[in-house]
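Asker: model this:
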Amino acid sequence: MLLYGEATYENRMEAVRQLVAKYGHLKPLRVLADVRRITKMSMTHDEQQRYGTYLGQLEALKGARVAILNTAQLNTTAVMRNHARDGGLELHSFLTEAEAMSWLTSSAEVPS
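Answerer: Reported below is the predicted structural model:
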């Protein structure tokens, strides 16, 4: 899943809707979300919290493995990750695709 440009609540919600519609039947669902091309975070703090809560409660994401590729300069997922975790969904951040793919394809519970 590639997210780029301006991060808004609406485009993030649409992205997850499309993801679930196409791949929500896969168990376990493994997602590589690349947000390194996000240039502007336009989601309010409240929107980030709501989005994270929504992800954590989404039935299609129960048991999913979600690896997020971030840049060190602009972390666009910290608030969302915390709220998703409260709902039972762990989103793990990585700086390199190799690390993310290694974790996604392993049986490890948490990234090393």
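Asker: next SSE after the helix or strand bottoming out on mean pLDDT in the chain?
Answerer: The weakest-scoring helix or strand in the chain, judged by mean pLDDT, DSSP states H and E, is helix 78-86 (a mean of 88). Heading C-terminal from helix 78-86, the first helix or strand you meet, by DSSP states H and E, is strand 91-94.
Asker: circling back: in the least confident helix or strand of the chain, what counts as buried?
Answerer: Burial within helix 78-86, assessed by neighbour count using 16 or more other Cβ atoms under 10 Å, is assigned to 79-81, 83-84. (Each C-beta comes from the backbone N, C-alpha and C, glycine too.)
Asker: quick one: residue 105 from residue 98, how far?
Answerer: Look at residue 105 and residue 98: by Cβ to Cβ, to the nearest Å, they are 11 Å apart.
Asker: with residue 17 instead?
Answerer: From residue 17 to residue 98 the distance is 29 Å (Cβ to Cβ).
Asker: now the top strand by length along the chain: how far from the chain's centre is it?
Answerer: Taking DSSP state E as the criterion, the chain has its longest strand at strand 30-41. Distance of strand 30-41 from the chain centroid (Cα atoms, centre = their mean, to the nearest Å) equals 8 Å.
Asker: could I get the full set of strands for this structure?
Answerer: Here the chain has its strands, by DSSP E, at 2-7, 30-41, 65-69, 91-94.
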